[in-house]
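Student: model the structure of this input:
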Amino acid sequence: MKWPLICPVLILTCLISTLVFAGDLSDTDLTFHLQVPESADQRAYLGLKDSKTFTLEQISADMVIVQIFSMYCPICQREAPKVNAMYQRVAADPKMSGRIRFIGIGAGNSPFEVDFYKDTYQLPFPLFADRDFVIHKQLKEVGTPHFIGLRIAPGIPEGYTVFYSKSGEVGDPVAFIDRLVALSGIDF
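Tutor: Numbers count the residues shown, from 1 in each chain. Down below sits the predicted model:
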């Protein structure tokens, strides 16, 4: 049998897929349009005017945390309470609450699936459908869950800088937020 050859090939495949799913997006154009939420509360949360679509740099915040998820991803389902805890950590801190915003993008998910995920896991921030994987493909088909930290910077051409991009589990949600704040370079 060829078992001695199969094991190293499997290990190498796992390592390569981990590198691909880590997803460095620092050089990726994140200019895509999302539908403005129907909910007045969610429009207010994002600081959006009454228009049909918006881009990430139009979110009224210093930092935006984008979660790429899938309703069918078991890790996303398991991590949802931690993502809620991250949101609550920010909401409870007066220095961060008005300056950090969260959004989620459902890779391959329809509006129905995104709403089901939002309702099931009681996520308080806006979630958006990416039914045809258009945004997901633009994001180099990162694994789910994937977290992107953006520093909104209106003075630069893109309007933002990516300071964090990684797939996988959050771990301790408070430590995760504290690490993102430190990496962002924003003075809170």
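Student: OK, contacts around the closest residue to residue 96 other than its chain neighbours?
Tutor: Once flanking residues are discounted, residue 96 sits nearest to residue 90: 4.8 Å by Cβ to Cβ, 6 or more residues apart in numbering. In short, each C-beta sits where N, CA and C put it, glycine included. By Cβ atoms under 8 Å, 6 or more residues apart in numbering, residue 90 lies in contact with 96-97, 100, 102, 177.
Student: could you flag which of these are buried?
Tutor: Listed as buried from the contacts of residue 90 are 96, 100, 102, 177; burial here means 16 or more other Cβ atoms under 10 Å.
Student: show me what the residue positioned nearest the centre of the chain is bridged to.
Tutor: Centrality entry for the chain: nearest residue to the mean C-alpha point is residue 67, 1.8 Å, by Cα atoms, centre = their mean. Following DSSP bridges, residue 67 is listed with bridge partners residue 104, residue 147.
Student: what sits against it?
Tutor: With Cβ under 8 Å, 6+ apart, residue 67 has these contacts: 83, 102-105, 145-148.
Student: of those residues, closest to residue 73?
Tutor: The closest of the contacts of residue 67 to residue 73 turns out to be residue 145 (Cβ to Cβ; 6.6 Å).
Student: ok, which stretches of the chain are strands?
Tutor: In the chain, the strands defined using DSSP state E lie at 34-35, 53-54, 63-69, 100-107, 127-130, 146-152, 160-167.
Student: give me the helices and strands touching the second one, please.
Tutor: Meaning strand 53-54. Strand 53-54 makes packing contacts with strand 34-35 when contacts are defined by 3 or more Cβ pairs under 8 Å, 6 or more residues apart in numbering; DSSP states H and E.
Student: how far is the strand it packs on from where the chain is centred?
Tutor: Relative to its chain's centre, strand 34-35 lies at 15 Å (Cα atoms, centre = their mean, to the nearest Å).
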